[in-house]
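K.L.:
I would like the atomic coordinates for the input below:
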Amino acid sequence: MDLHFGDSKPTDEERAAVDALLGPPESSWEGADRSDADLRWARGGREARDRRDLLLPGLHAVNDRIGWISEGALDYLCRRLTVPPAEAYGVATFYSMFSVKPRPATVLHVCTDLACAAAGAPELCAGIEERLGLGSGVSVERSPCLGLCERAPAALAIKAGDPVRTAVSAPATVQDAVLAASSPDSAPEEPAAALAVPQAGQDGLMLLHRVGVVDPSSLDDYRAHGGYTALRRAFELGPAEVIREVTDSGLVGRGGAAFPTGRKWQATASQPDRPHYLVCNADESEPGTFKDRVLMEGDPYALVEAMTIAGYATGAHKGYLYLRGEYPRALRLLENAIAQARARGLLGDDVLGQGYAFDIEIRRGAGAYICGEETALFNSIEGYRGEPRSKPPFPVEKGLFGKPTVENNVETLVNVLPILTLGAPAYAAIGTGRSTGPKLFCVSGSVERPGVYEVPFGATLGEVLTLAGVREGLRAVLLGGAAGGFVRPDELDVPLTFEGTREAGTTLGSGVVMAFDDSVPLPRLLLRIAEFFRDESCGQCVPCRVGTVRQEEALHRIVERTGAEAAGDIALLREVGRAMRDASICGLGQTAWNAVESAIDRLGAYE
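P.N.:
Numbering: from 1, shown residues only. I've put the predicted structure just below:
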């Protein structure tokens, strides 16, 4: 282990940011002042290695307080955690929200991804930069999807300090975005999550029925609307019966892979190795996806309850909630929900007096799409670069910290509540035989009422678009996000089930339904998708690292071409796409060609 440190020293403010997280250093080996430190010992061995997972929170602490991470601050954090500085530098530079170069304390992230690009994000960026000018003290950064697609275009301002301050502008104007950046505390309050749910308050909703009805900051309000009924039912049934209910319900993962949830839980629960861990994947970074954000902002206690049930069923006593760094409002509400649940005996050493101990820790991501892949997420939590691991071994055997781990996303976990309150047969009766229950769809783009819609599996694409009020001149619909595929306007009878979309040659993915009309230049849209995958590739494997660059280069060449002029590059794209699909380590490279391929074959993008 190379612990070579440089000569740079942290400032008092940088030292205070790290010490606020880790506590004061206990020896001069950790950076304490020699005048009042014991020089005879240093923390090491297992105790030091066990602190490695605090590297990402430590980087956040410095970045939040200062706005960037200096060499002195990084060295001090590494001394405190006994982490080689070279490795910590590799981690810090992996995430887009961190900077290891000086920058202004205020960063304004302006989304330039698919929905926002179609809503005028390029013009918005140009207007903001012109208004702010040089020397404004604000760094304007073009950002991938901020998860605010229903209010596109969107901007997120982050002003470093103690405490860090944030403000969202969406739908953003030049004036509002500049106000958010220059004075976050004076920016208009972000609208309630219920505005992202056009169905809010309607009868028959299962996953969204509390959004817009309950106060998301009130535990009492949550319990008055049926909260914690499912957890009490779980304790009545016992862990094995809870898993049986989830299995019999037919619930499968809602993040895109569609793996049976009950099988995953059973495989984890049956592992003799201890401890077991539960990880909630709330790092929804797929362009066009925002359902998990709406659930967390509108009904945060539901996720806390669902995680407690999942932990109980699988024998886990610790749950990690890995949350997107771009979701400051969800962070505040979840921190409050966890603190309130802990204070009321719903988390902690004796949940509901049942002798079961369970607690939840939030870990913030920092802008890396790849961390939505479960093993990359584990590496991120452990304090390493968020690069996917080769499988096997699978997470149910060796996951977080090398222990059996069950990982589910927010929507999957929240589905467990109606399964236990209604019973598996009643839940399984919703939807179709092979795709059971309700499904959330994130509808955005050329529609009158963008937002999150809850429908039973089996509803058609046309029915969902009708709910959202699709506009005239529909050109294409992107299903599943950047990793999904396009369908034509004459294919709206596609049933929105896993098997239905598979038979139609597309995918449900994470539930993205993004409509584009004739005003959106399709070649430019495909180029943005290619740029996204190039930026977000972790670079670990050659097929993805090289293939995403070659894909973008070819699309740059043909963005203004059609017909025979583009034929050679289209042939190259197919060859590169096949290589990425067949040989990439994880789903990013395997799906990076999907949307481009479908646009060429189904939409005739370059004809």
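
K.L.:
what residue ranges in this protein are flagged as low confidence?
P.N.:
1-4, 28, 33-49, 560-564 (pLDDT under 70).

K.L.:
longest helix of it?
P.N.:
helix 564-583 (DSSP state H).

K.L.:
From F457, how far off is T432?
P.N.:
5 Å (C-beta to C-beta, to the nearest Å). In short, each C-beta sits where N, CA and C put it, glycine included.

K.L.:
Among these two, which residue is more densely surrounded?
P.N.:
Remark: of T432 and F457, F457 carries more neighbours, 22 against 17, as counted by other C-beta atoms under 10 Å.

K.L.:
show me what contacts the residue most central in space within the chain?
P.N.:
By C-alpha atoms, centre = their mean, the chain has its centre lying nearest to D283, at 1.7 Å. Listed by C-beta atoms under 8 Å, 6 or more residues apart in numbering, the contact set of D283 reads 322-324, 365, 371-372, 377.

K.L.:
residue boundaries of the strands in the protein?
P.N.:
Taking DSSP state E to define them, one finds strands in the chain at 106-111, 138-143, 155-159, 165-169, 276-282, 316-323, 359-364, 405-409, 438-445, 451-456, 474-479, 485-487, 512-517.

K.L.:
if I look at T432 and F457, which residues touch both of them?
P.N.:
With C-beta under 8 Å, 6+ apart as the test, T432 and F457 both reach T497.

K.L.:
Check the burial of the residue nearest to E284 when sequence neighbours are not counted by counting its neighbours.
P.N.:
Nearest non-adjacent residue to E284, counting by C-beta to C-beta, 6 or more residues apart in numbering: D292, 4.5 Å away. When counting by other C-beta under 10 Å, one arrives at 32 neighbours for D292.

K.L.:
now do D12
P.N.:
8.

K.L.:
my guess is the residue nearest to E284 meets C280, correct?
P.N.:
No: applying C-beta atoms under 8 Å as the test, D292 and C280 come out as separate, 9.4 Å apart.

K.L.:
shared neighbours, these two?
P.N.:
409-410.

K.L.:
if we look at the sheet, which residues does N281 bridge to?
P.N.:
According to DSSP bridges, the partner residues bridging N281 are Y322, N409.

K.L.:
would you list the strands of the chain in JSON lines and tack on distance to E335 and mean neighbour count?
P.N.:
As requested, these are exported to JSON lines (distance: least, C-beta to C-beta, whole Å; neighbours: other C-beta atoms under 10 Å):
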{"stretch": "strand 106-111", "distance to E335": "21", "mean neighbour count": "25"}
{"stretch": "strand 138-143", "distance to E335": "23", "mean neighbour count": "20"}
{"stretch": "strand 155-159", "distance to E335": "17", "mean neighbour count": "26"}
{"stretch": "strand 165-169", "distance to E335": "14", "mean neighbour count": "23"}
{"stretch": "strand 276-282", "distance to E335": "13", "mean neighbour count": "26"}
{"stretch": "strand 316-323", "distance to E335": "10", "mean neighbour count": "23"}
{"stretch": "strand 359-364", "distance to E335": "7", "mean neighbour count": "18"}
{"stretch": "strand 405-409", "distance to E335": "20", "mean neighbour count": "26"}
{"stretch": "strand 438-445", "distance to E335": "24", "mean neighbour count": "26"}
{"stretch": "strand 451-456", "distance to E335": "23", "mean neighbour count": "23"}
{"stretch": "strand 474-479", "distance to E335": "34", "mean neighbour count": "24"}
{"stretch": "strand 485-487", "distance to E335": "37", "mean neighbour count": "25"}
{"stretch": "strand 512-517", "distance to E335": "28", "mean neighbour count": "25"}
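
K.L.:
if we can go back for a sec, I'd like to know which elements the longest helix of the chain is packed against.
P.N.:
helix 542-558, helix 587-591, helix 594-603 (3 or more C-beta pairs under 8 Å, 6 or more residues apart in numbering; DSSP states H and E).

K.L.:
ok, the residue nearest to E284 to E189 distance?
P.N.:
22 Å.

K.L.:
Same check on A595?
P.N.:
Distance, A595 to E189, using C-beta to C-beta: 35 Å.

K.L.:
out of those two, which sits in the more crowded spot?
P.N.:
A595 (27 against 8).

K.L.:
contacting residues for the more buried one?
P.N.:
478, 482-486, 526, 529.

K.L.:
any idea which of those is closest to A566?
P.N.:
Ranked by distance to A566 (C-beta to C-beta), the contacts of A595 are led by L526 at 11.7 Å.

K.L.:
Format the contacts of A595 as TSV; extra columns: distance to W68.
P.N.:
Listed next are the contacts of A595 as TSV, based on distance: C-beta to C-beta, whole Å:
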residue	distance to W68
L478	35
A482	29
A483	31
G484	35
G485	39
F486	39
L526	34
I529	30
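
K.L.:
Return the residues in contact with R51.
P.N.:
R51 neighbours (C-beta under 8 Å, 6+ apart): 22, 80-82.

K.L.:
who wins for most neighbours among those?
P.N.:
R80 (27 neighbours).

K.L.:
Could you pull up the residues touching it?
P.N.:
Applying C-beta under 8 Å, 6+ apart, the residues contacting R80 are 18, 22, 25, 30-31, 51, 58.

K.L.:
distance of S584 from A595?
P.N.:
According to C-beta to C-beta, S584 stands 16 Å off from A595.

K.L.:
quick one: which of the contacts of R51 is nearest S218?
P.N.:
Checking the contacts of R51 one by one against S218 (C-beta to C-beta), the nearest turns out to be L22, at 33.1 Å.

K.L.:
The closest one reaches G58, doesn't it?
P.N.:
Yes: L22 is in contact with G58 according to C-beta under 8 Å; the separation is 7.0 Å.

K.L.:
Overlap in contacts, these two.
P.N.:
With C-beta under 8 Å, 6+ apart, L22 and G58 have common neighbours 80-81.

K.L.:
Now stretch 173-192: buried residues?
P.N.:
174, 176-182, 184, 187, 190 (16 or more other C-beta atoms under 10 Å).

K.L.:
My error: substitute stretch 358-377 in the last question.
P.N.:
358-360, 362-377.

K.L.:
Quick one: end-to-end length of that stretch, please.
P.N.:
End-to-end distance for stretch 358-377, by C-alpha to C-alpha, to the nearest Å: 21 Å.

K.L.:
Spit out the contact partners of T432.
P.N.:
So T432 contacts 457-458, 495, 497, 499 (C-beta under 8 Å, 6+ apart).

K.L.:
10 Å instead?
P.N.:
Counting by C-beta atoms under 10 Å, 6 or more residues apart in numbering, T432 touches 250, 456-458, 495-500.

K.L.:
Tell me which of those fall in helices.
P.N.:
498-500.

K.L.:
Compare those and tell me which is most surrounded.
P.N.:
G500 (20 neighbours).

K.L.:
what about the residue nearest to it when sequence neighbours are not counted, neighbour count?
P.N.:
Nearest residue to G500 in three dimensions, chain neighbours excluded: V494, at 6.1 Å (C-beta to C-beta, 6+ apart). For V494, the neighbour count with other C-beta under 10 Å is 19.

K.L.:
hang on, the earlier thing: nearest to M580 among the contacts of R51?
P.N.:
Checking the contacts of R51 one by one against M580 (C-beta to C-beta), the nearest turns out to be L81, at 35.9 Å.

K.L.:
Next, the contact list for the closest residue in space to G505 that isn't next to it in sequence, please.
P.N.:
In space, and not counting its chain neighbours, G505 is closest to G485: 7.3 Å by C-beta to C-beta, 6+ apart. Each residue near G485 by C-beta under 10 Å, 6+ apart is listed here: 477-479, 501, 504-507, 509, 591, 594-599, 601-602.

K.L.:
Verify the stated contact: V18 with S70.
P.N.:
No: in this structure V18 lies outside contact range of S70 using C-beta atoms under 10 Å: 11.8 Å.

K.L.:
give the contact list for E150.
P.N.:
115, 170-171, 195-198, 290, 293-294, 442-445, 447, 449-452, 468.

K.L.:
Distance check, the closest residue to it other than its chain neighbours against F378.
P.N.:
In space, and not counting its chain neighbours, E150 is closest to P450: 4.1 Å by C-beta to C-beta, 6+ apart. To F378, P450 is 33 Å away according to C-beta to C-beta.
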